[in-house]
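Q: how would this look folded up:
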Amino acid sequence: MMSSKTTENVNPSRRSGPLSRASRFFYAKSNLVAGLLATSVFAGYLVVVLTGKGTAFAVAGSSVRSLGTSLGFGEAEILAFLSERSDPMILAYVEFNQIWDTLFGLIYGVMYVVWVSVLFKPYSQKVGILNLLPFGQVVFDWIENFALAALSGQYLADGSISSSMALLASTSSAIKWGFSLLVYLVIVVGIVTRIIGALKQRGNRNK
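A: Below you'll find the predicted structure:
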């Protein structure tokens with residue numbers, strides 16, 4: 001009869017946490033069709049929904065359409081962004097951050113997770129939860145959205161903004177874009193790795 005210790009060694013998945021289970025789920029379910037479908041949803045949402053909602057607070061001639069597209073920003077940039085917009089436009093910006101851009105984060109996060117899972121599926125035992133890296137970008141995107149919505153609401157109330165909240169928004173934005181660069185790097189490495197693997201297999205067949 002197996003001891004409990006031996007049973008745990010045979011079934012390591014029972015000891016795994018939610019991140020490991022989520023990682024295995026995406027490795028198992030992700031394929032080329034899922035990747036193309038996720039990309040189609042991403043592109044459609046970006047063009048039809050996000051761009052359309054962004055026009056509600058767009059200012060002609062403004063150098064910044066949305067603070068979330070900047071690598072980083074300070075209090076002066078936030079105040080300048082808000083001061084050139086009317087109250088209804090700022091309210092639209094709050095809604096944009098709380099609803100539409102938050103949903104966009106989930107959409108692009110799932111898309112990137114699917115593609116990383118597809119590329120690294122043969123190496124999943126070695127790279128582990130690497131396929132969940134894009135969700136790090138999503139988390140900081142959501143924190144940034146919350147902070148920008150809070151700053152906008154405060155500005156509407158008394159015409160000022162919180163320095164600590166402005167720092168949180170700016171820092172979260174910078175980290176978000178840092179994760180974005182890492183995700184693109186991982187995808188490029190995955191593509192190169194799969195190409196090299198395919199070439200080696202073809203070479204072995206030709207021998």
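Q: my read is that Glu75 contacts Met165, right?
A: No - using CB atoms under 8 Å, Glu75 is not in contact with Met165, being 9.8 Å away. No exception for glycine: its C-beta is placed from N, CA and C like everyone else's.
Q: what's in contact with stretch 137-156?
A: Contact partners of stretch 137-156, identified using CB atoms under 8 Å, 6 or more residues apart in numbering, comprise 67-68, 78-79, 82, 87, 90-91, 93-94, 97-98, 101-102, 105-106, 108-109, 112, 160-162, 165-166, 168-169, 172-173, 175-176, 179-180, 183.
Q: using CSV, write out every CA atom in stretch 161-178.
A: C-alpha atoms of stretch 161-178 as CSV (Å, rounded to 0.1, in the frame of the first residue of the first chain):
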residue,chain,number,x,y,z
ILE,A,161,-5.5,65.7,-7.7
SER,A,162,-3.8,63.5,-5.1
SER,A,163,0.0,63.3,-5.4
SER,A,164,0.1,59.7,-4.1
MET,A,165,-2.6,58.6,-6.4
ALA,A,166,-0.9,60.3,-9.4
LEU,A,167,2.3,58.5,-8.4
LEU,A,168,0.4,55.2,-8.3
ALA,A,169,-1.1,55.8,-11.7
SER,A,170,2.3,56.7,-13.3
THR,A,171,4.2,53.9,-11.7
SER,A,172,1.5,51.3,-12.7
SER,A,173,1.6,52.6,-16.2
ALA,A,174,5.4,52.3,-16.4
ILE,A,175,5.3,48.7,-15.0
LYS,A,176,2.5,47.8,-17.4
TRP,A,177,4.6,48.8,-20.3
GLY,A,178,7.6,47.0,-18.9
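Q: can you give me the mean pLDDT across it?
A: Mean per-residue pLDDT for stretch 161-178: 94.
Q: now tell me what touches it from outside.
A: By CB under 8 Å, 6+ apart, stretch 161-178 touches 67-68, 70-75, 78-79, 82, 137, 140-141, 143-144, 147-148, 150-151, 154-155.
Q: buried subset of these, written for ChimeraX?
A: The buried residues among the contacts of stretch 161-178 can be selected in ChimeraX (16 or more other CB atoms under 10 Å) with this line:
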select :67,68,70,73,75,78,79,82,137,140,141,143,144,147,148,150,151,154,155
